[in-house]
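Peer 1: next come a sequence and a model predicted from it.
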Amino acid sequence: MRRSNALCRALFRLSTLTLLVLPPAAILAAAPARPASGEADLQAARALFEKNLDAIRRRDRAGYLACYLHADTLARTGFEGSTLGYDSFVKESGDDWPDLFEGLDLQLVPVRPGLVYGTYRYRVLYGPKEDSGISERFFVKAGDGWKIAVTTAFSAPPGTPPPPRALVGATLVDGTGVPPVQDSVVVLRGGKIDCAGTRIQCPPPSGAAVLDLKNYYVTPGIVDAHVHFSQTGWADGRPDSIDVRDRYPYDEVEAGLRAHPERFLRSYLCSGVTAVFDVGGYSWTWDLRARADADPLAPHVASAGPLLSTLDFWLNLPAERQFIYLGTEEDARAGVRYLASHGADAVKVWFIPVAERNFDDMAKAVLAAGDEARAQKVPLIVHATGLKEATAALRAGANLLVHSVEDLPLDDEFLRLAKEKKTMYCPTLTVLDGYRRMFEGAEQKKEPVVDDPNGCVDPETLAHVAETARLTVPPADAATAERRRNRFATSAKVSAANLKTVRDAGIPIAMGTDAGNPLTLHGPSVYAEMEAMQAAGMTPMEVLVASTRGGAMAMSRPEQFGTLEKGKRADLLVLAADPTRDIKGLRQLRYVVKNGVVRTPAELRPPVPAAPDKR
């Protein structure tokens, strides 16, 4: 099964294909017209079909070739068009097997006695390259038994839904918070959930491929409602933490992020994250939405674009800003109109107290941003880590707070306003710990530990994390070190207590990591965040709902994903451990399903770098 034959990119109508590659007289001559049972022919053709596909899976060249008609009339397609002849087929077959082969949805139709037409849907991997499509076979009853006389393969156009599948036997945790359903069936059709429930409610459809998941658990895909693709997960993307611009110029870092976001997109899907919300970055992050939708190995993406900031922050590029200064109320309104005109999925305000500015003036600008966002019908997201700023953000009508209040316990006014405004709370508990670990790694000359149970982080990011131990940083004086430790400890303690207060008050919660900040890595950082939420007092089921349905609500897409219900996108996870007993079960991924395509984590891991040429 050579790549040039199996992955033909040209798309032809099947009627045209038959005229091009099927020499009717020769094929019919190989299939003598004698009475035969149509059912018997179908069974014989199916047996050969399955033998043929199994030989591809096993890379069995002899078994593969034995399935084909040993004649000059054997027809097949390739990039250059149709080709005839068994001998040339032998020369071209068996030395370029796919790294992964999936053949589903076998369909067979009897044409006449001794002649059966069949198709199947394939998905293959050649290294990091994935391709899917449809492949045809004509089966003839020759003198030495049934053989394949015609073989074709055509890539599917983008957006083609995968074949139907039934996931059978798992315990279903659907993301709504209702009790799990044991021995469930989830039917995937057209890239969406066709049915999810008991065997009686959702009988596996006839002909659909069945995946036996007894002793496993099925949940919706994870949604990370707080990420930044304009940041790398290390100091080079945030040189305001540790300045490494002498070796990694900031403009080059950002150019690389813009050109190659796929390493982070893939890391998310590999980690079980099927949707992410980029809540602030350069304007090119808007383009990630369409790019991710066209990439089968990427999560769904929403993007807010540039942030409105009460701090005139310097971390920008000479001709492009990711932080738009929120100086006056008119600045706020103009900034919101700019974002809305570019189709931003939200308006994000970075509400940072500035000692040189009057707090009430800053709050008025944030109020103006909220008023204009409502006028433009765009959700308002606010970064506010202090109780005073967070309360002002609620008055401005914030739909989503993407950080915990970390300085003081939440008061009655905050809780009243949050309920009144129907605001969601994204606690983002672990991001500061990433900064702590990076600083300590640099000071102690130790490589920080990377928590990546499924091997999803790309080699470049891993190399940068390891480089932390070789950074030169001025040693912190005792007072500075003590202030830093106290800040981290206070933040952790107060944030956890406030999350429990929010939970007890019935305020909706969404999980988000703030990925892209130093050592809060894109993808696997969701595990530590969810486990911190559980440690703060949320039940595993509550954390799961916050990390699925809650994230979809934060993205304003609950009708599309976040729960496993009929009509929603078939984005789900298969786990080897029960996440409702301990949220750590989400680490034990066995399959990741996006838009109905079932993949193992091994398929989604970053490509292994090629060995250097030593010649």
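Peer 2: Cool, the structure landed. Numbering: from 1, shown residues only.
Peer 1: pull the contacting residues for R57.
Peer 2: Neighbour list for R57: F101, G103 [criterion: Cβ atoms under 8 Å, 6 or more residues apart in numbering]. For glycine as for every other residue, the C-beta is placed from the backbone atoms N, C-alpha and C.
Peer 1: how about P110, phi and psi?
Peer 2: phi -70, psi 130 (degrees, to the nearest 10).
Peer 1: what about the nearest residue to it once chain neighbours are set aside, how many neighbours?
Peer 2: In this structure, P110 finds its nearest non-sequential neighbour in G38, 4.5 Å apart by Cβ to Cβ, 6 or more residues apart in numbering. The number of residues packed near G38 is 13, by other Cβ atoms under 10 Å.
Peer 1: same thing with E565?
Peer 2: Other residues within reach of E565, judged by other Cβ under 10 Å, total 18.
Peer 1: so for it, what's the pLDDT?
Peer 2: On pLDDT, E565 comes in at 98.
Peer 1: gap between it and L69?
Peer 2: 48 Å (Cβ to Cβ, to the nearest Å).
Peer 1: same deal with G512?
Peer 2: Taking Cβ to Cβ, one finds G512 at 58 Å from L69.
Peer 1: between the two, which has more neighbouring residues?
Peer 2: Ranked by neighbour count (other Cβ under 10 Å), G512 and L69 place G512 first, with 31 against 24.
Peer 1: where do the helices sit along the stretch 401-550 of the chain?
Peer 2: 412-421, 431-444, 459-467, 478-505, 525-535, 540-546, 549-554 (DSSP state H, counting those that start in this stretch).
Peer 1: how is the residue lying closest to S135 once chain neighbours are set aside assigned, secondary-structure-wise?
Peer 2: Leaving aside its sequence neighbours, S135 sits nearest to A153 (Cβ to Cβ, 6+ apart; 4.1 Å). Assigned with DSSP: H, G, I helix; E, B strand; the rest coil, A153 falls in the strand class.
Peer 1: local confidence estimate at A153?
Peer 2: 90.
Peer 1: could you do F12 as well?
Peer 2: F12 is assigned 28 on the pLDDT scale.
Peer 1: ramachandran coordinates for the nearest residue to E102 once chain neighbours are set aside?
Peer 2: With Cβ to Cβ, 6+ apart as the criterion, E102 has its nearest non-adjacent residue at 4.2 Å, and that residue is R123. Dihedral angles of R123 (phi, psi; degrees, to the nearest 10) stand at phi -140, psi 130.
Peer 1: avg pLDDT for stretch 523-539?
Peer 2: For stretch 523-539, the mean confidence score works out to 98.
Peer 1: mind listing what's buried in that stretch?
Peer 2: Neighbour-count burial for stretch 523-539 flags 523-534, 536, 538 (criterion: 16 or more other Cβ atoms under 10 Å).
Peer 1: chain center to whichever strand or helix holds K141, what's the gap?
Peer 2: Taking DSSP states H and E as the criterion, K141 maps to strand 129-142. Put simply, strand 129-142 sits 29 Å off its chain's centre (Cα atoms, centre = their mean, to the nearest Å).
Peer 1: how about low-confidence regions in this structure?
Peer 2: Within the chain, the ranges that satisfy pLDDT under 70 run 1-37, 78-80, 94, 609-615.
Peer 1: now with 80?
Peer 2: Residue ranges of the chain with pLDDT under 80: 1-37, 78-81, 93-95, 475-478, 480-481, 608-615.
Peer 1: look up the closest residue to the residue positioned nearest the centre of it, ignoring the ones flanking it.
Peer 2: In the chain, the residue lying closest to the centroid (Cα atoms, centre = their mean) is P299, at 2.7 Å. Closest residue to P299 apart from its sequence neighbours, by Cβ to Cβ, 6+ apart: Y268 at 4.7 Å.
Peer 1: could you give the number of residues near L84?
Peer 2: 15.
Peer 1: ugh, wrong one, I meant V473
Peer 2: 14.
Peer 1: mind checking how far it is from M530?
Peer 2: Taken as Cβ to Cβ, the span from V473 to M530 is 31 Å.
Peer 1: same check on F264?
Peer 2: Going from F264 to M530 by Cβ to Cβ gives 19 Å.
Peer 1: repeat for R337
Peer 2: R337 is 37 Å from M530, by Cβ to Cβ.
Peer 1: quick one, the helix or strand hosting A44 and strand 129-142 angle?
Peer 2: Using DSSP H and E, A44 maps to helix 38-58. Angle of helix 38-58 versus strand 129-142, following axes from the mean of the first three to the mean of the last three Cα atoms, to 10 degrees, is 140 degrees.
Peer 1: and the next helix or strand past helix 38-58?
Peer 2: Assignment by DSSP H and E places the next element after helix 38-58 at helix 61-65.
Peer 1: what number of residues lie near A510?
Peer 2: So A510, with other Cβ under 10 Å, has 29 neighbours.
Peer 1: and if you look at D412?
Peer 2: Around D412 there are 8 residues (other Cβ under 10 Å).
Peer 1: equivalent analysis for A576, please.
Peer 2: Around A576 there are 12 residues (other Cβ under 10 Å).
Peer 1: same check, this time on the one 5 residues further on
Peer 2: When neighbours are defined as other Cβ under 10 Å, R581 has 11 of them.
Peer 1: okay, the helix holding A44 in CSV with CA atoms only?
Peer 2: Listed next in CSV are the C-alpha coordinates belonging to helix 38-58 (Å, rounded to 0.1, in the frame of the first residue of the first chain):
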residue,chain,number,x,y,z
GLY,A,38,-25.9,-12.8,-3.9
GLU,A,39,-25.6,-13.4,-0.2
ALA,A,40,-22.8,-15.9,-0.7
ASP,A,41,-21.0,-13.5,-2.9
LEU,A,42,-21.3,-10.7,-0.3
GLN,A,43,-19.9,-13.0,2.4
ALA,A,44,-17.0,-14.1,0.3
ALA,A,45,-16.2,-10.5,-0.8
ARG,A,46,-16.5,-9.3,2.8
ALA,A,47,-14.1,-12.0,4.0
LEU,A,48,-11.6,-10.9,1.4
PHE,A,49,-12.2,-7.2,2.2
GLU,A,50,-11.4,-7.8,5.9
LYS,A,51,-8.4,-9.9,5.0
ASN,A,52,-7.1,-7.1,2.8
LEU,A,53,-7.5,-4.4,5.4
ASP,A,54,-6.0,-6.7,8.1
ALA,A,55,-2.9,-7.2,6.0
ILE,A,56,-2.4,-3.4,5.9
ARG,A,57,-2.7,-3.2,9.6
ARG,A,58,-0.2,-6.0,10.1
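Peer 1: now do that helix: distance to the chain's middle.
Peer 2: Worked out by Cα atoms, centre = their mean, helix 38-58 lies 35 Å from the chain centre.
Peer 1: for S404, which non-adjacent residue is spatially closest?
Peer 2: Nearest non-adjacent residue to S404, counting by Cβ to Cβ, 6+ apart: S495, 3.7 Å away.
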